[in-house]
Structure formats: structure tokens, C-alpha cells
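**Student:** kindly generate the corresponding structure for this input.
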Amino acid sequence: MSNEDRQIIQEIKDGCRSSYNFLVEKYSESLVQFLFRRTLHLQEAEDIAQETFLQGLKKINTYNAKYSFNTWLFTIARNISIDRMRSKKIHIVSINDDSHKEIADHNIEDQGQRTIIEEEKKHLWHLAQSLPIGSYELLQLFYAEEKTIADIAYITRKTKTGVKVGLYRARKLLLKKINSEENSVSVDTFSHSLANNLKPLGNQS
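**Tutor:** Numbering: from 1, shown residues only. Modelled structure (predicted):
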């Protein structure tokens, strides 16, 4: 956790709740992006983000400084989104929503090349979303949100070993889907996409 966050959180614990606005502004965008990838509904993502910040303020005294404030917020947001999905039967849907936005690779000058890569990314996550929700969640947190194994374990309430095993199985399931596709992106092309868009598991902790 940054010294700045630590100072702000202490101010909030000491009674200066207006300091919480700094954290809301700092983490709103990343939190909404995280939730949008889970729900694919922008309004739903924004609503859950708002509820997350409200709960975060109420529970600020339970915050564990061992983890980043962003990771702690993700944990609250994940629990809220799971509850909403159960109560409203909101399901993860295919990435075909026109409102879905991909981050452009600014290092690529050629627009056509960038378009191909973005389509491969979208198709990759489309396949990932057809996996069991637990597998998709692990891939999302590790690759899209770039969380460490320790952070993912904290968010999902799994052991580090459980997370590593889950990621390994999720990657195998995803590659199986890629290899079983017909009349789609070639295996060679998609393998190149995997190499460029998915980091190796390594020994992150």
C-alpha cells in the first residue's frame, strides 16, 4: 500500500470521512472496469461500484493493510456482484456488446494490425467467458486485472496453491476450446495471441 493511501485511510479512521473522496476518485475507474468485465452491463457495474465504496467506508476499520486498498475493494465488489447475480439471476453473457471497449495497443502504428489483435483479444475473452465461472474469474483477475497470486487468493478466499492449480486448469480448458474450434481463428494465430496477451503463470506471490 502506498504511503499516500495509508495516510488517507488513517485520516478516515480518525473521523475525517471527507478524505474518502480521494480514494473514490483514485479507484473508481479500475473498479468499474473490473465489474464491467464480470457483468458486461455498464450501469450494473457502476451501481455495484457505488455500493462497494459505501460498504468500504462502513468497513474501513476492518481493512487489512497487508493488501492494497484496490485489492480490498475488489473483494467487496466481488461479493456484492455474486449476491446480485444470485438474486437477480444476472448471467455472464457473450462479449458481443457494442459498448464493450478494448484498450488499444498504442505501440502499433498500423490500424489494420491493431484491429486484428483487438479482435483476437475479444475472441479470446469470449471463449474464456464460456468456461465455468470460477475458471473465468481466475483468468480475469490474473490476466485482465494483473493481480498477484496472493491478491487473488485473498479476493477469492482460496489458498495460493488453490489459485495456481485453478489457473493451470483454466488455461488448459481455454486451450482445449481454442483447439476444438472450427472455421474460426487458426490455432497458430490464436497461439500467437495467447503469447502476446496472456502472461505465463511464473512464480508470482
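**Student:** settle this for me: residue 46 is touching residue 33, isn't it.
**Tutor:** No: between residue 46 and residue 33 there is no contact, the gap being 10.9 Å when judged by CB atoms under 8 Å. In short, each C-beta sits where N, CA and C put it, glycine included.
**Student:** poorly predicted segments of the protein, please.
**Tutor:** Filtered on pLDDT under 70, the chain yields the residue ranges 1, 87-121, 181-205.
**Student:** helix or strand right after the one helix or strand residue 125 maps to?
**Tutor:** When secondary structure is defined using DSSP states H and E, the element that contains residue 125 is helix 111-128. Going down the chain from helix 111-128, the next helix or strand is helix 133-139, by DSSP H and E.
**Student:** show me what that following helix is packed against.
**Tutor:** When contacts are defined as 3 or more CB pairs under 8 Å, 6 or more residues apart in numbering; DSSP states H and E, helix 133-139 packs onto helix 111-128, helix 149-156, helix 160-180.
**Student:** list the helices and strands the longest one packs on?
**Tutor:** Spelled out, it's helix 160-180. In terms of contact count using 3+ CB pairs under 8 Å, 6+ apart, helix 160-180 is assigned the packing partners helix 111-128, helix 133-139, helix 149-156, helix 187-197.
**Student:** quick one: buried residues of the second one?
**Tutor:** By neighbour count, with 16 or more other CB atoms under 10 Å as the criterion, the buried positions of helix 133-139 are 135-139.
**Student:** likewise for stretch 65-80?
**Tutor:** Neighbour counts over stretch 65-80 (16+ other CB under 10 Å) mark 67-78, 80 as buried.
**Student:** tell me which helix or strand the residue nearest to residue 155 when sequence neighbours are not counted sits in.
**Tutor:** Nearest non-adjacent residue to residue 155, counting by CB to CB, 6 or more residues apart in numbering: residue 75, 4.7 Å away. For residue 75, the host element (DSSP H and E) is helix 69-88.
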